[in-house]
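Engineer: Take a look and give me a structure for this.
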Amino acid sequence: MLLSCRRAPERFGFGRPAAAHEIDSMAIAIRPDGRGLPRGSGDAVTGQVIYAAKCAACHGVTGREGSSPRLVGDTGKTIGNYWPYATTVFDYIRRAMPLNAPGSLSNDEVYSLTAYLLSANRVITEKTMLDSARLAAVRMPARNLFVNDRGR
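Structural biologist: The predicted structure is shown next:
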């Protein structure tokens, strides 16, 4: 049996071009130097309240216990002794947390959670207000332990 060979249509008519605001909402890459950080701000006191409500179930009340990786402490790969850039902490929280609703936190909530975790790891003080400029300026203790391998 011979099948008829029809020409494919020029367009199927599926989808539509993405609007600029839709692209911008998904283009959320944050670089180590802080480029890409959004507007907003937060502090450790506010972050501790958010942490208790949205993070403690998995990471424990202090970030040292729980079923998920430890976030606070002097041993193991915690934020304070392993992560090379504070902006990476923000980026990870913004993209992946909380586990049951990734991407659901506001920018202010993410800044506050980042401030709380950096404060709990003694990287910044509890009174430090973080925004894009201040977060990019935070110097992490493990920064010099990483080798830049950009294939120069």
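
Engineer: And stretch 6-24, end to end?
Structural biologist: End-to-end span of stretch 6-24 (Cα to Cα, to the nearest Å): 40 Å.

Engineer: err, stretch 21-37, not the other one
Structural biologist: 16 Å.

Engineer: From what I see, residue 36 and residue 29 are in contact.
Structural biologist: Yes - contact criterion Cβ atoms under 8 Å: residue 36 and residue 29 qualify, at 5.3 Å. For the C-beta atoms, the positions are set from N, CA and C on the backbone; glycine is no exception.

Engineer: Show me which of these two is the more surrounded one.
Structural biologist: residue 36 (14 against 9; other Cβ atoms under 10 Å).

Engineer: residue contacts, that one?
Structural biologist: By Cβ atoms under 8 Å, 6 or more residues apart in numbering, residue 36 lies in contact with 28, 29, 30.

Engineer: Surely the first one is in contact with residue 92?
Structural biologist: No - here residue 28 does not reach residue 92: they are 11.6 Å apart, not a contact under Cβ under 8 Å.

Engineer: And the longest helix seen in the chain, what's buried?
Structural biologist: Longest helix in the chain by number of residues (criterion: DSSP state H): helix 107-120. For helix 107-120, the neighbour count (16 or more other Cβ atoms under 10 Å) marks 107-120 as buried.

Engineer: where do the strands sit along the chain?
Structural biologist: Taking DSSP state E as the criterion, the chain carries its strands at 42-43, 129-130.

Engineer: Name every strand pairing with the first one and say which way it goes.
Structural biologist: This points to strand 42-43. Strand 42-43 has these partner strands in its sheet, going by DSSP bridges: strand 129-130 (antiparallel).

Engineer: can you give me how far the partner strand is from the chain middle?
Structural biologist: Computed by Cα atoms, centre = their mean, to the nearest Å, the separation of strand 129-130 from the middle of its chain amounts to 16 Å.
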